[in-house]
Each structure stands twice: as C-alpha cells, then as structure tokens.
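**Q** Quick one: sequence plus predicted model below, questions after.
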Amino acid sequence: MELPPVVARMWGREPVSRRGPKPRLDVATILAAAMEIADAEGLAAVSMGSVASRVGVATMALYRYVGSKDELLTLMADAAAPDPPERGGLAWRDYLAAWTRANRDLLLRRPWLLLADRLTPPLGPRRLLWLDRALDALSGTGLDEGQKLRAATALTGYALSDATLVHGMRAGAGRAGAGIAGAAEYGAVLGELLDPHAYPALSETVGAGVFAGAEGWTDDDDFRFGLDLLLDGIEALIERR
C-alpha cells in the first residue's frame, strides 16, 4: 500500500529524486532545529518561518522537506523520543515500571510534547520502538497479543495523564495570580466551594486533609501509587490466565 507522506518521511521511505541540485538540508537537521526552538521557547514559537530562519533558508524552501506545520509537529513528536530503557534481566513488572516512568519523565522534560500533534496509534519508528519493548516485556506471561497491547496502551495513557497534571500544577505555581499553586491550595479552594450535602464523599476526602502538606498527587509517591494499581491489575490478569 502507499504510505501517507508523513509516515513515509518518518521512516525514510520517500522516493529519492536524482534530478535537480543536491538538497542543502535534510529532515533530521530541520527537526533538530525545531526541537531546539520548542525546548527553549515552547511549542508556540515553532513555525515554518522560525525553523527556516534557524537553518538558514527561506520559509518556502522548507516545504521541500516538510509538507506543513502539522507534519512538522508529527515528525518532532516521534524524533523527540529517546531510546526506550534497556530491559536487561528485569522481570516484566519491574521493567514496565521503569518504562512508564521514563515515558512520563520524557514528557516532563519536554512538555511541548503534551501539545504536539501526535499520530494515534503511533506510526513513527521511535515511538513504535517503545511499544515493541513493552510488548516484549509481557512475552511469556500468558497474555494474548490483544491483552498485551491494551496493557501497554493503559500504561502509556497513565504516563501522559500524570505528566499533564504535574506540568499543569507547575505551570500554575509559576504564574502569579493564575492557576492553583499546588495541591494544598487546591484543597483549600475545594474546602471553600464544596457543599457537603451535594458532594458528601469529596467533602469528606478534602476534610481529611489529603491535599495538605505535601504536594499531594504530584509527588513521586502518588505517581507510584497509580502505577502500582495498573501493574497490580496486569498481574492479576496474568494470574487468571
């Protein structure tokens, strides 16, 4: 079948033209420049013009290598992924814990990935390498292929949701007068808003002080708590098999 242009570009499967002058650039150089801009200034600063300026070509010249800004963002989202963690001799559970943490930490190091337009399901070579390693960790557990894929998808979603929450809390704390500066402040706001008759269970939870003191759901203990819930579920599924 004919691959979509952006997919062919990610995999280096585009037809190579032997006519005309030798290209001055390549996609890897363009992506490196785009990611430098995103890392330094955020995703909003990435445009075809800003990237073209950084690599020293006219904006229109960039379209010879990347079809559109949306395509550029898709390519960036895949290129930004490092190699997945090595498994070594880790058991499936220990490896998937490290795998999910590494996935979450990547999103926190490069929060612009939370906003980038990414293909779902992943189609880029680097993202698919992460998926391959997660599936490999579950080989020999007795789960069928569909169950392994759904388990990997659930862990990926957890890494994304946790990173989104942590980044949102950090961003709110860094803006004077905007957002909620930490879990304790969030709990205090809820204490002012909630009617115990309308929200009895949530009011009891807030009244117990679960948001006070530590950073609440944004600290590492809370990340591990949620991760263990998912891994416990996968383990229970394996045992039933």
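**A** Arrived safely, thanks for sending. Numbers count the residues shown, from 1 in each chain.
**Q** tally of neighbours for Ser47?
**A** Other residues near Ser47 come to 15 when the count uses other Cβ atoms under 10 Å. Just so you know, the C-beta spots here come from the backbone N, C-alpha and C atoms, and that holds for glycine as well.
**Q** mind listing what the closest residue to it other than its chain neighbours touches?
**A** Distances taken as Cβ to Cβ, 6 or more residues apart in numbering put Lys69 closest to Ser47, at 6.6 Å, once the chain neighbours are dropped. Contact partners of Lys69, counting by Cβ atoms under 8 Å, 6 or more residues apart in numbering, are Val46, Ser47, Met48.
**Q** Including distance to Thr156, secondary structure and pLDDT, could those residues go into JSON lines?
**A** Supplementary listing: the contacts of Lys69 in JSON lines, determined by distance: Cβ to Cβ, whole Å; DSSP: H, G, I helix; E, B strand; the rest coil; pLDDT from 0 to 100:
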{"residue": "Val46", "distance to Thr156": "24", "secondary structure": "coil", "pLDDT": "96"}
{"residue": "Ser47", "distance to Thr156": "29", "secondary structure": "coil", "pLDDT": "96"}
{"residue": "Met48", "distance to Thr156": "29", "secondary structure": "helix", "pLDDT": "96"}
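**Q** just curious, which of those residues is nearest to Gly226?
**A** Lowest distance from Gly226 to these (Cβ to Cβ) belongs to Val46, with 31.2 Å.
**Q** What number of residues are in the vicinity of that closest one?
**A** Around Val46 there are 22 residues (other Cβ under 10 Å).
**Q** For it, give its distance to Leu115.
**A** Separation of Val46 from Leu115 (Cβ to Cβ, to the nearest Å): 10 Å.
**Q** any common contacting residues for those two?
**A** Counting by Cβ under 8 Å, 6+ apart, Val46 and Leu115 have no contacts in common.
**Q** Could you list the buried residues of the lowest-mean-pLDDT helix or strand in the chain?
**A** Here the helix or strand of the chain ranked lowest by mean pLDDT, DSSP states H and E is helix 183-193, holding a mean of 85. Buried residues in helix 183-193, counting neighbours by 16 or more other Cβ atoms under 10 Å, are found at Ala183, Ala184, Glu185, Tyr186, Gly187, Leu190.
**Q** my read: the second one touches Phe211, true?
**A** Okay, so that is Ala184. Yes: Ala184 lies in contact with Phe211 (Cβ atoms under 8 Å); the separation is 5.8 Å.
**Q** residues contacting the nearest residue to Leu194 once chain neighbours are set aside?
**A** Using Cβ to Cβ, 6+ apart and skipping residues adjacent in sequence, the residue nearest Leu194 is Ser203, 4.8 Å away. Ser203 makes contacts with Leu194, Asp195, Pro196, as judged by Cβ under 8 Å, 6+ apart.
**Q** after the helix or strand hosting Leu106 comes which helix or strand?
**A** Per DSSP states H and E: Leu106 is located in helix 92-109. Counting by DSSP H and E, the element after helix 92-109 in chain order, helix or strand, is helix 125-137.
**Q** List of residues touching that following helix?
**A** By Cβ under 8 Å, 6+ apart, helix 125-137 touches 10-11, 77-79, 81-85, 87, 90, 92, 95-96, 99, 103, 118, 122, 145, 148-149, 151-152, 155-156.
**Q** quick one: the helix or strand following the least confident helix or strand of the chain to helix 183-193, angle?
**A** Downstream of helix 183-193, the first helix or strand assigned by DSSP H and E is helix 200-207. Put simply, helix 200-207 runs at 130 degrees to helix 183-193, going by axes from the mean of the first three to the mean of the last three Cα atoms, to 10 degrees.
**Q** measure Ala198 to Glu204 for me?
**A** According to Cβ to Cβ, Ala198 stands 13 Å off from Glu204.
**Q** Please say which of the two ends up with more neighbours.
**A** Glu204 (12 against 8).
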